[in-house]
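S.K.: give me coordinates for this.
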Amino acid sequence: MENGKIKIASDVILIIADLAISETNASDMIARKAKGKSLNVAYDGDDLVISVDLSVKYGVKIPQVSEEIQKKVKTSVENMTGLKVKEVNVNVIGMNIEKTAKEA
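M.R.: Modelled structure (predicted):
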């Protein structure tokens, strides 16, 4: 007996990725969600390619934050969906410079 196919909507994958980012240690280092769509998923054959656009806070070590996000998103999506994530691309598209009380 054949069980049929299971399809997972791209929106579900994006929700998983978004939640994974919020669960990282890096979540307090990113200003996140620049204007417009900040997460995107595409298929490369049967594999997923996930792109994350984000803004970081000034002074953040971008390579470390990016790597943590890549690992967490990949692991979470693969564990929850059973799909293979080929790559997670982190695009730093902005920087948030917060003024301190003295500067304001």
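S.K.: okay, now the unreliable bits of this structure?
M.R.: Under the criterion of pLDDT under 70, the regions of the chain flagged as low confidence span 1, 28, 31-37, 99-104.
S.K.: now do the strands in it.
M.R.: Counting by DSSP state E, the chain forms strands over residues 39-44, 47-57, 85-96, given from the N-terminal end onward.
S.K.: who does the longest one pair up with?
M.R.: Taking DSSP bridges as the criterion, strand 85-96 sits next to strand 47-57 (parallel) in its sheet.
S.K.: what does the partner strand rub up against?
M.R.: Counting contacts by Cβ atoms under 8 Å, 6 or more residues apart in numbering, the residues outside strand 47-57 that touch it are 13, 17, 21, 29-34, 36-43, 62, 65, 69, 73-74, 77, 83-96, 98. Yep, even glycine has a C-beta here, placed from its N, CA and C like the rest.
S.K.: show me which of those are buried.
M.R.: With neighbours counted using 16 or more other Cβ atoms under 10 Å, the contacts of strand 47-57 contain these buried positions: 13, 17, 21, 29-33, 38-39, 41, 65, 69, 73-74, 77, 83, 85, 88, 90, 92, 94.
S.K.: tell me the buried residues in the lengthiest helix in the chain?
M.R.: Using DSSP state H to define each element, the chain has its longest helix at helix 62-81. With burial defined by 16+ other Cβ under 10 Å, the residues of helix 62-81 counted as buried are 65-66, 68-70, 72-74, 76-77.
S.K.: what is the neighbour count of Gly82?
M.R.: Close neighbours of Gly82, defined as other Cβ atoms under 10 Å, add up to 9.
S.K.: good, wrapping up.
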